[in-house]
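Novice: can you look at this prediction? I've put the sequence above it.
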Amino acid sequence: MFALYFNPTGQISSREFRKGAIILLALNYALWLTWYVGFGLAVIGGGIAMISIFCWACLFLKRLRHSGVSEVYYIAIVANFLFALVIIFPVLLNVIMPISEESLALSTQLMEANATLRDIERPTVSEITPVIDLLVKSSQLGALRSAIIFFLSGASIAFGLDQILNKQSALTK
């Protein structure tokens, strides 16, 4: 299992790729939800998520190699993921799961509290703490939406690419 995620050499079949992708998608989804537990755990989860980027690269490179496709196509995969992440899924998510009134009210409170802090020359801990509490609560409200966006983006790219590679392999046989 270690070699699947941390060794970029070799090849993997479609079945191995899908199993590996499901595990990474579940891990990344769970890491987003660490925001609900607390800020400290979310920071650790963020570090683990950064490591998972390398795991995704290993998985995709092995699958591309198995299909006889150049690893250079990995750049196109990353570009598609970023496009889906930034453009397509946030728009769809706003239709499916609009931003709540609570989140909008919290955002307004956070901007007002931040403006108040800017006017204070040397804010004390007691003056900063309410702003940090608002920031954490805002992050928690956005964590589920972000988790869904990343999950949908990752799943559509991973499984869509796997389908394309399977069809390409069938055509060349």
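Specialist: Okay, I see it.
Novice: residues contacting stretch 162-173, please?
Specialist: With CB atoms under 8 Å, 6 or more residues apart in numbering as the test, stretch 162-173 has contacts from 14, 17-18, 21, 63-64, 67-69. Any C-beta I mention is one placed from the backbone N, CA and C, and that applies to glycine too.
Novice: buried only: go through the residues you listed for me.
Specialist: 14, 17-18, 21, 63-64, 67, 69 (16 or more other CB atoms under 10 Å).
Novice: and the least confident helix or strand in the chain by mean pLDDT, what does it pack onto?
Specialist: For the chain, counting by mean pLDDT, DSSP states H and E, helix 89-96 ranks last in confidence among helices and strands (a mean of 78). Here helix 89-96 is seen to pack against helix 125-172 when contacts are counted using 3 or more CB pairs under 8 Å, 6 or more residues apart in numbering; DSSP states H and E.
Novice: residues in contact with stretch 79-89?
Specialist: 149-150, 152-154, 156-157.
Novice: the same query, at a cut-off of 7 Å, please.
Specialist: The set of residues that contact stretch 79-89 without belonging to it, under CB atoms under 7 Å, 6 or more residues apart in numbering, is 149-150, 152-153, 156-157.
Novice: kindly report the same for stretch 31-48.
Specialist: The list of residues contacting stretch 31-48 from outside it, by CB under 7 Å, 6+ apart, reads 49, 136, 139-140, 143, 146-147, 150.
Novice: now these as CSV including neighbour count, distance to Ala3 and pLDDT?
Specialist: Output for the contacts of stretch 31-48, formatted as CSV (neighbours: other CB atoms under 10 Å; distance: CB to CB, whole Å; pLDDT from 0 to 100):
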residue, neighbour count, distance to Ala3, pLDDT
Ala49, 17, 21, 91
Val136, 14, 38, 84
Ser139, 14, 35, 80
Gln140, 17, 36, 82
Ala143, 17, 32, 83
Ser146, 16, 30, 81
Ala147, 18, 28, 86
Phe150, 20, 25, 84
